[in-house]
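**Student:** Quick one: sequence and predicted model below, then my questions.
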Amino acid sequence: MSLAFRLYVFPARPPSVPLAVKSPYLSTWQNAGSDGGNGGYLAGQWPTFWQNQVTGWAGLIRVDGNTYTWMGLPGSKTVNQTAFEYTSTKSIFTMNVANKLEMNITFLSPITPTDYRRQSLVYADISAEWVSGDRNAIAQWDYGTTDDVAYHKVYRQTQLAFSQKNEQAEWGYWYWATDVDKDMTHQSGADVDVRGQFSSNGVLSNTADTKYRAISDKWPVFAFSYDLGNVSSKPVDTLFFSRSIPSLWKSYFDTELEALSFFHHDFRASNYLSSSFDSQVAKDSIAVAGQNYLTITSLSARQAFGATQLCGTEEKMYLFMKEISSDGNMNTVDVVFPAYPIFLYSNPELLKLVLEPLYENQEAGKYPNTYAMHDMGSNYPNATGHPDGRDEAMPLEECGNMIIMTLAYAKEAKDTDYLNEHYDILKKWTSYLVEDALYPANQISTDDFAGSLANQTNLALKGMIGIQAMAVIANETGHTSDAASYSSIAHDYITQWQELGINKDASPPHTTLSYGDANSHGLLYNLFADAQLGLNLVPQSVYQMQSDFYPTVANEYGVPLDTRHTLTKGDWECFVAAVASVSTRSMLIGQLATWLNETPTNRPLTDLYETVTGNYPSSPIFVARPVIGGSFAPLLVTSK
């Protein structure tokens, strides 16, 4: 590839470019960072799954008898990429082909938060590597047409329902489809044969390889080609699609092919809806914190939604979330919590759908502990719960999170019935907070990688905010006596908390990491919930105090999470920015945007990074996690 061309990138050079990112198993990226990536060029390296294994995805173009690679690494002669830009739903590449024509390549991962039928459909291009994480697994495939749509159907010959290998699904069917057209040809077979056929002849053979085999045995690929004729200044559009089948599709379509036909012909409508979402995010983000903020939100949206999957029926839907790249749990409460701003912003009903499985399980008596459950199952996609009560214990964290998020949904959706429906279990969780919030026991918070600690100042604050949130819930549901009691407790606790958790002698004063540790500090991100819910529990002096303090401890790429290390978390920085002064918010957002553009990390956006070097910490390495939906936090507070 010639790099003599100046590559125009907007709004930033992300560490990894989302190509097909729509669910935990449809998650393919182009690594772009300086540490092992090629700078964001589409041609010259293979796209990868979020865990970094190759998903063989290639694009070739033949001009005047010469063949060039525009995607992947099937050949050495590549096009010149001259521009790249991304929005919340699209990654757009501009290519110059031998100074003879220009290609515009758009990868669309539609985000239509209020349209569940379209939200269950995806766009991608595939090889056999997409159907299993086991490269020795036998792949099978078919070719057919339906309703003027030509398709390759590819799948694992032996289906292993609800199983994973290298984080990829070992069951399900993948479709790669395009229009039936006189200028379209197709072929399946070994990668070198199919790509060689196109490179040599400019057309495919309209033949199908019938030898089903291991994915790594001559690497079967499934190809379409179009003869665009003589290319003039008039733009030519060509669309290629892929479709994975979640359970929800059966509520809208009788057969797979009916769903495929709708999906294929729906491109323009889906693109319009996604573009509307792009525009709304751009307008709101710039209004709140300028172009730097849009740099962050527009890269975060696909990643946040890409860890979720709508399931169930039209009458009873669930949103399942995978804790990608950390524990792999399902609907982890303290992963949903940092992600909830994007759900509340885009469609509050999505927050309800992700909480629903947690409520159903615990209210059915499937969880024995008195506090809130950590997750819906240790191994996504199996929502088996924890009937033995031996999930990862974050009792104060999860009780506070569930109460806060339940009220957040109910307020935004004006759904008091939801509060009545779950009042009894919410009250049980509040009882735990009353017992533990003032002096938290030695336990872990959501930042479990940092270890356990007693009397955590920020964790105690979450518990107190949870108690006050329950006071509001009680009042909204007519439990006035409970409301008065909880509110009295919360205000008493927050008064004591200001004596226990604030170093007033420091210059400037600030909250501590834990009670009595005068030399410590940390991001007080749980303050966000007080503001977002409008509780007015925490005095404004605390908000101002923290805003004044953060600039004094900022490093090159952000404010450390706490004094135990120099790393930070981008989601919590956005929570803090949402409730900070204008100048401190600008500093936090600016540093995060600068990090995003300069970081040597080269995997899907990490939420955990070093504030000095901008690199990954030594351990753990978090990538592609939905918590980055927390970047939408400022849109819930500062925009109101």
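**Tutor:** Now that the structure is in, tell me what you want to look at.
**Student:** List the contacts of the closest residue to Gly72 other than its chain neighbours.
**Tutor:** Nearest non-adjacent residue to Gly72, counting by CB to CB, 6 or more residues apart in numbering: Ala58, 3.7 Å away. In short, each C-beta sits where N, CA and C put it, glycine included. By CB atoms under 8 Å, 6 or more residues apart in numbering, the contact set of Ala58 is Thr69, Met71, Gly72, Leu73, Pro74, Ser127, Asp191, Arg195, Val221.
**Student:** Ok, Ala413 next?
**Tutor:** Pro348, Glu349, Lys352.
**Student:** Next, count neighbours for the second one.
**Tutor:** It refers to Glu349. By other CB atoms under 10 Å, 18 other residues sit near Glu349.
**Student:** wait, what's in contact with Met545?
**Tutor:** Counted by CB under 8 Å, 6+ apart, Met545 has contacts Ile502, Pro508, Pro509, His510, Thr511.
**Student:** my read: Val131 touches Ala139, true?
**Tutor:** Yes. Counting by CB atoms under 8 Å, Val131 touches Ala139, with 5.6 Å between them.
**Student:** Next step: the contacts of Ala58 restricted to helices.
**Tutor:** Asp191, Arg195 (DSSP state H).
**Student:** would JSON lines of the contacts of Ala58 with pLDDT, distance to Trp171 and neighbour count be doable?
**Tutor:** Below are the contacts of Ala58 laid out as JSON lines (pLDDT from 0 to 100; distance: CB to CB, whole Å; neighbours: other CB atoms under 10 Å):
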{"residue": "Thr69", "pLDDT": "92", "distance to Trp171": "32", "neighbour count": "22"}
{"residue": "Met71", "pLDDT": "92", "distance to Trp171": "27", "neighbour count": "26"}
{"residue": "Gly72", "pLDDT": "91", "distance to Trp171": "26", "neighbour count": "25"}
{"residue": "Leu73", "pLDDT": "88", "distance to Trp171": "29", "neighbour count": "16"}
{"residue": "Pro74", "pLDDT": "85", "distance to Trp171": "28", "neighbour count": "22"}
{"residue": "Ser127", "pLDDT": "87", "distance to Trp171": "18", "neighbour count": "25"}
{"residue": "Asp191", "pLDDT": "93", "distance to Trp171": "24", "neighbour count": "18"}
{"residue": "Arg195", "pLDDT": "90", "distance to Trp171": "28", "neighbour count": "22"}
{"residue": "Val221", "pLDDT": "94", "distance to Trp171": "21", "neighbour count": "27"}
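**Student:** Filter the contacts of Ala58 down to just the ones in strands.
**Tutor:** The strands, defined by DSSP state E, take in Thr69, Met71, Val221 from the contacts of Ala58.
**Student:** Of the residues you listed, which is the nearest to Tyr25?
**Tutor:** Val221 (19.4 Å; CB to CB).
**Student:** Ala139 should be in a helix, yeah?
**Tutor:** No. The assignment for Ala139, made by DSSP: H, G, I helix; E, B strand; the rest coil, is strand rather than a helix.
**Student:** Look at it and report its pLDDT.
**Tutor:** What the model reports for Ala139 is a pLDDT of 97.
**Student:** Report the separation between it and Phe632.
**Tutor:** Applying CB to CB, to the nearest Å, the value for Ala139 to Phe632 is 39 Å.
**Student:** Equivalent analysis for Val553, please.
**Tutor:** 25 Å.
**Student:** Following the helix or strand of the chain with the lowest mean pLDDT in sequence, what is the next regular element?
**Tutor:** Within the chain, no helix or strand scores below strand 241-244, which has a mean of 43 by mean pLDDT, DSSP states H and E. Next helix or strand after strand 241-244 toward the C-terminus (DSSP states H and E): helix 256-265.
**Student:** Would you mark the buried spots in that following helix?
**Tutor:** Glu256, Leu257, Ala259, Leu260, Ser261, Phe262, Phe263, His264 (16 or more other CB atoms under 10 Å).
**Student:** Same question for stretch 375-385.
**Tutor:** Per 16+ other CB under 10 Å, stretch 375-385 contains these buried residues: Asp375, Met376, Gly377, Ser378, Tyr380, Pro381, Ala383, Gly385.
**Student:** Pick the one among the ones in strands among the contacts of Ala58 closest to Ala12.
**Tutor:** The closest of the ones in strands among the contacts of Ala58, once distances to Ala12 are taken by CB to CB, is Met71, at 21.5 Å.
**Student:** Contacts only, for that closest one.
**Tutor:** Leu42, Ala43, Pro47, Trp57, Ala58, Gly59, Ile105.
**Student:** For Arg302, give me its contacts.
**Tutor:** Pro18, Val21, Lys22, Ser88, Thr89, Ser109, Ile111.
**Student:** ok, what's across the strand from Asp562?
**Tutor:** Gly522 (DSSP bridges).
**Student:** wait, doesn't it sit right on His521?
**Tutor:** Yes. Counting by CB under 8 Å, Asp562 does reach His521; the two are 6.7 Å apart.
**Student:** Could you name every residue contacting both of the two?
**Tutor:** Leu513.
**Student:** Now do the same for Ile403: its pLDDT.
**Tutor:** 98.
**Student:** typo on my end, Pro110
**Tutor:** 89.
**Student:** Quickly find the element holding it.
**Tutor:** With DSSP H and E as criterion, Pro110 is part of no helix or strand.
**Student:** ok, it to Lys352 distance?
**Tutor:** 22 Å.
**Student:** what do you get for Pro440?
**Tutor:** Computed as CB to CB, the Pro440 to Lys352 distance reads 29 Å.
**Student:** repeat for Tyr359
**Tutor:** 9 Å.
**Student:** So between these two, which is more surrounded?
**Tutor:** Lys352 (22 against 18).
**Student:** ok, the residue nearest to the more buried one when sequence neighbours are not counted - contacts?
**Tutor:** In space, and not counting its chain neighbours, Lys352 is closest to Tyr409: 5.1 Å by CB to CB, 6+ apart. Tyr409 is in contact with Leu344, Pro348, Leu351, Lys352, Leu355, Asp415, Tyr418, counting by CB under 8 Å, 6+ apart.
**Student:** still on that earlier bit, what's the most distant pair in the contacts of Arg302?
**Tutor:** The most widely separated members of the contacts of Arg302 are Lys22 and Ser88, with 13.1 Å between them, by CB to CB.
**Student:** mean confidence for the longest helix along the chain?
**Tutor:** Ranked by residue count under DSSP H, the longest helix found in the chain is helix 267-305. Averaged across helix 267-305, pLDDT comes to 95.
**Student:** buried sites along the helix or strand just after it?
**Tutor:** Per DSSP H and E, helix 267-305 leads on to strand 308-312 as the next helix or strand towards the C-terminus. Across strand 308-312, burial judged by 16+ other CB under 10 Å covers Thr308, Gln309, Leu310, Cys311, Gly312.
**Student:** Now tabulate these in a markdown table and tack on pLDDT and distance to Leu537.
**Tutor:** A markdown table is the format used below for those (pLDDT from 0 to 100; distance: CB to CB, whole Å):
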| residue | pLDDT | distance to Leu537 |
| --- | --- | --- |
| Thr308 | 95 | 31 |
| Gln309 | 91 | 36 |
| Leu310 | 90 | 35 |
| Cys311 | 87 | 36 |
| Gly312 | 85 | 36 |
